[in-house]
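**Student:** My questions concern the predicted model and sequence given below.
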Amino acid sequence: MRKKILKIVLYVVLIFAIVLFGLYGYAYYVMNYKFVPENKYTHSAEYINPETALLNEGFEVCDEDFIIQYYNPQRATYSKEKNGLRNFILSNYKNNNFTDSGYLNIRFVINCKGLAGRYVIHENNLDLEPTSFNKDLVDQLFDLTTQLKEWNPNYTHDAFRDSYMYISYRIEHGEITEILP
C-alpha cells in the first residue's frame, strides 16, 4: 500500500514538474522570441540616413559610428542660446495667411566643429499624426532653420563630438506658438 501511495505521489510530482517546465519554456519563448521582428534593425531610432538627408552634400561628421543623442546632458546648443534662436526665427518668419496647425519637426546633425547638416523634416498635426503642411510654410521654416549657423558642438568624453539635434515648431493657424527644445 505504501509503495502505491509513493508511486502516485511521484507521478503527481513528475506531472507537476513537466507542466512547470512547459510553462517556463512558453514564457521564455514569448519574452525572447515571439515579439522580436524578423528583420533586425541596423540603426537606432534617431539615425538620419546621409543618403536621403537634405543638405548633406559636403557635410562631414567626425565619427560616423559615434553620434551623440540630443538629450545628452552636455548637448549641442545654439551659440546665441535659446532666446537668440527664438528671436531670429520669430523676427524673420512671415505668416503668409497660412492656416496650418501642428508640429513641424526638423531633425539634423551638428558635427564636432559646430556645423549643421543632414536635415530631415517631419510634419504632424496637433494629435501627432502625420500630415502635410503648406509647402511655402515648410520651405520658409526649413530655410530659416538652416540659416542658424553658429552651433556649440557637444563636448563629452574629453572631446567635441557629433550629435543629433532637432527643432520643433508648434504652429497654430499659421502662427508659431512654441519652439522646442
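**Tutor:** All right, it came through fine. Residues are numbered from 1 along each chain as shown.

**Student:** how far away is residue 3 from residue 14?
**Tutor:** As judged by Cβ to Cβ, to the nearest Å, residue 3 and residue 14 stand 16 Å apart. The way it works is simple: take the backbone N, C-alpha and C, and place the C-beta from them, glycine included.

**Student:** out of those two, which sits in the more crowded spot?
**Tutor:** residue 14 (10 against 7; other Cβ atoms under 10 Å).

**Student:** For the spatially most central residue of the chain, which non-adjacent residue is closest in space?
**Tutor:** Geometric centre of the chain, nearest residue: residue 46, 3.8 Å, by Cα atoms, centre = their mean. Of all residues not flanking residue 46 in the chain, residue 164 sits nearest, at 4.9 Å (Cβ to Cβ, 6 or more residues apart in numbering).

**Student:** Assign a three-state SS to that neighbour, would you?
**Tutor:** Secondary structure state of residue 164, per DSSP: H, G, I helix; E, B strand; the rest coil, is strand.

**Student:** That one bridge partners, please.
**Tutor:** Going by DSSP bridges, residue 164 is paired in beta bridges with residue 109.

**Student:** Go through stretch 144-164 and flag the buried ones.
**Tutor:** 144-145, 148, 151, 153-155, 160-164 (16 or more other Cβ atoms under 10 Å).

**Student:** partners of the helix-or-strand element of the chain with minimal mean pLDDT, with directions?
**Tutor:** Every helix and strand of the chain was ranked by mean pLDDT, DSSP states H and E. The lowest is strand 77-78, at a mean of 76. Note on strand 77-78: by DSSP bridges, its sheet partners are strand 151-152 (antiparallel).

**Student:** Now find how far off-centre the partner strand is within its chain.
**Tutor:** 20 Å (Cα atoms, centre = their mean, to the nearest Å).

**Student:** For the helix or strand following that strand, name the packing helices and strands.
**Tutor:** The first helix or strand that comes after strand 151-152 along the chain, using DSSP states H and E, is strand 154-156. For strand 154-156, the packing partners by 3 or more Cβ pairs under 8 Å, 6 or more residues apart in numbering; DSSP states H and E come out as strand 159-172.

**Student:** Could you list the low-pLDDT ranges of the chain?
**Tutor:** Flagging of the chain using pLDDT under 70 yields the residue ranges 34-45, 71-75.

**Student:** domains in it, as residue ranges please.
**Tutor:** As given by automatic domain parsing, the domain ranges for the chain are 1-36, 67-180.

**Student:** and these, which is most packed in?
**Tutor:** Counting by mean count of other Cβ atoms under 10 Å, domain 67-180 has the highest mean neighbour count of the domains of the chain, with a mean of 16.
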